[in-house]
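>>> let's see this in three dimensions:
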Amino acid sequence: MASINEIRIYFARYVILKKDINNYEKNTIDEISAELEKIYQENKEYILASIAIEFSTTSDYYATMYLSSKQEKNSYLCGYVSTSALSLLLDYYNIYPHQDRFLVNLSYQGEILLMMFACNRFELIEPCYPKIVESILNGNMSRSLPWGGDGEGNVVPPKPQRLGVLAIEMMASERKQTIDWDSANIPVDPFYHRFCQEALYSTDENELTDWLTKLCDNHLEWVCLFFDNDEKQPSTGYEIHDEMLLLWPFEYHAVKNFRARHGLSTPKIDHPLLKTPMAIDHLPNFATWQKPIWYNKMVDKAIDVNPELSFIRELFNS
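The predicted model follows:
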């Protein structure tokens, strides 16, 4: 299990920006605009996938600026949340006719879904759920699991899944639905499955405190510190790899906001992860967000490719 201090050192070494943030921001925006213009020239069937891939990188840029800035951070948080949500939505609504898997694996999807819960922006990923169910039934989700190797050229089956299972079980529970993970050929870490069955709606504060403490312990157990140890990556079970999430107890905040949505309170717990500077409510205010220069054209292009995405026009306005 990684210690908070180990993650802090990793943060300082690899995550925090050591250059002028204003220049970094300008160069980043210019680079995103240039890359998107190239994407718009591609064949129509490739555009959504290419934008989704671009935004998975773009969200990292915004995370770096959010984590490094000591000034007003809302614009960076909005950039991070919006590009993270869009990268997932465009992947789910991709029209490429031969796609039989998602561009990102289930654990990465889980990171984004839970982070949206943690930001209390459930509406941003509501349109994901029908596509999630469809992909579980048709096998696309199973084919999106990370397959690793044993160092000798042999393929190793995927590890039991955690974050994606937690997020999808939470979404399914609201709809009184169950997910048959065995039939879907998706291995599941039993803790996360049981958490939704036994803790998610629990009113026993002592029992819930134990579950939440273990949830935070697992965050430290499965955090990815890849640059210090290349064995710690999603394919080997270390699912928390988004730099924004390393010191953010986003699972706890996701559960807290989810329970509040259902009229339930959530106890505070005494855990080192909840004592970091990231253990606060990260609440993007899109009403005051000045959208980047590339934003509106990107929305138009995405909807032109797949009119089902027309709902994204209203997602980041308030």
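>>> give me the neighbour count for Tyr201.
Tyr201: 13 surrounding residues under other Cβ atoms under 10 Å. C-betas here are computed from N, CA, C, even on glycine.
>>> got the contact list for it?
173, 259, 262, 264 (Cβ atoms under 8 Å, 6 or more residues apart in numbering).
>>> TSV for those, including distance to Gly110 and pLDDT?
Putting the contacts of Tyr201 into TSV (distance: Cβ to Cβ, whole Å; pLDDT from 0 to 100) gives the following:
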residue	distance to Gly110	pLDDT
Ser173	15	98
Arg259	18	98
His262	20	98
Leu264	22	98
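>>> poorly predicted segments of the protein, please.
148-154 (pLDDT under 70).
>>> which helix in it has the most residues?
Scanning the chain for the helix with the most residues, using DSSP state H, yields helix 44-68.
>>> can you name the element that comes right after that helix?
Following helix 44-68 in sequence order, the next helix or strand is helix 74-92 (DSSP states H and E).
>>> who does that following helix touch, helix- and strand-wise?
helix 44-68, helix 106-118, helix 128-138 (3 or more Cβ pairs under 8 Å, 6 or more residues apart in numbering; DSSP states H and E).
>>> for Arg259, pull up the helix or strand it's in.
helix 250-261.
>>> just how off-centre is that helix within its chain?
Centroid separation for helix 250-261 versus its chain: 15 Å, with Cα atoms, centre = their mean, to the nearest Å.
>>> and what of stretch 207-222?
19 Å.
>>> do you have the helices of this structure handy? List them.
Going by DSSP H, the chain shows helices at 4-10, 21-39, 44-68, 74-92, 106-118, 128-138, 163-174, 190-194, 205-221, 250-261, 295-305.
>>> other SSEs contacting the shortest one?
With contacts defined as 3+ Cβ pairs under 8 Å, 6+ apart, the packing partners of helix 190-194 are helix 163-174.
>>> run the angle between the helix it packs on and helix 106-118 for me.
Using axes from the mean of the first three to the mean of the last three Cα atoms, to 10 degrees, the direction of helix 163-174 lies 50 degrees away from that of helix 106-118.
>>> show me what counts as buried in helix 163-174.
163-173 (16 or more other Cβ atoms under 10 Å).
>>> show me what it is packed against.
Using 3+ Cβ pairs under 8 Å, 6+ apart, helix 163-174 sits against helix 106-118, helix 128-138, helix 190-194, helix 250-261.
>>> what's the closest of the ones you listed to Leu215?
helix 250-261 (5.3 Å; Cβ to Cβ).
>>> okay, the angle between the closest one and helix 163-174?
Using the same axes, to 10 degrees: helix 250-261 against helix 163-174 is 0 degrees.
>>> out of the helices and strands packed on helix 74-92, which is closest to Leu309?
Between the helices and strands packed on helix 74-92, helix 44-68 lies closest to Leu309; by Cβ to Cβ that is 8.1 Å.
>>> next, the buried residues of the closest one.
The neighbour-count check on helix 44-68 (16+ other Cβ under 10 Å) flags 47-56, 58-68 as buried.
>>> what about that helix, distance to the chain center?
The answer for helix 44-68 is 12 Å, by Cα atoms, centre = their mean.
>>> that helix - contacts with which helices or strands?
Short answer (3+ Cβ pairs under 8 Å, 6+ apart): helix 44-68 packs on helix 21-39, helix 74-92, helix 295-305.
>>> in the second one, which residues are buried?
To tie it back to what came earlier, the one meant is helix 74-92. Applying 16+ other Cβ under 10 Å to helix 74-92 flags 74-92 as buried.
>>> same thing with the shortest one?
If you call a residue buried by 16+ other Cβ under 10 Å, then helix 295-305 has these buried ones: 295, 298-299, 301-302, 305.
>>> what do you get for stretch 109-129?
109-122, 124-125, 127-129.
>>> look up how far Pro249 lies from Arg313.
To Pro249, Arg313 is 33 Å away according to Cβ to Cβ, to the nearest Å.
>>> likewise for Tyr66?
Counting by Cβ to Cβ - Tyr66 and Pro249 are separated by 16 Å.
>>> now do Glu174
Plainly put, Glu174 is 22 Å away from Pro249 if you go by Cβ to Cβ.
>>> try Leu90
28 Å.
>>> again with Leu103
27 Å.
>>> same question for Ile240.
11 Å.
>>> and for the two, which residues touch both?
In contact with both Ile240 and Pro249: His219, using Cβ under 8 Å, 6+ apart.
>>> thinking again about what came up before, figure out which of the helices and strands packed on helix 163-174 is closest to Asp204.
helix 250-261 (12.9 Å).
>>> which residues touch the most centrally placed residue in the chain?
In the chain, the residue lying closest to the centroid (Cα atoms, centre = their mean) is Ile112, at 1.6 Å. Applying Cβ under 8 Å, 6+ apart to Ile112 gives the contacts 84-85, 87-88, 125.
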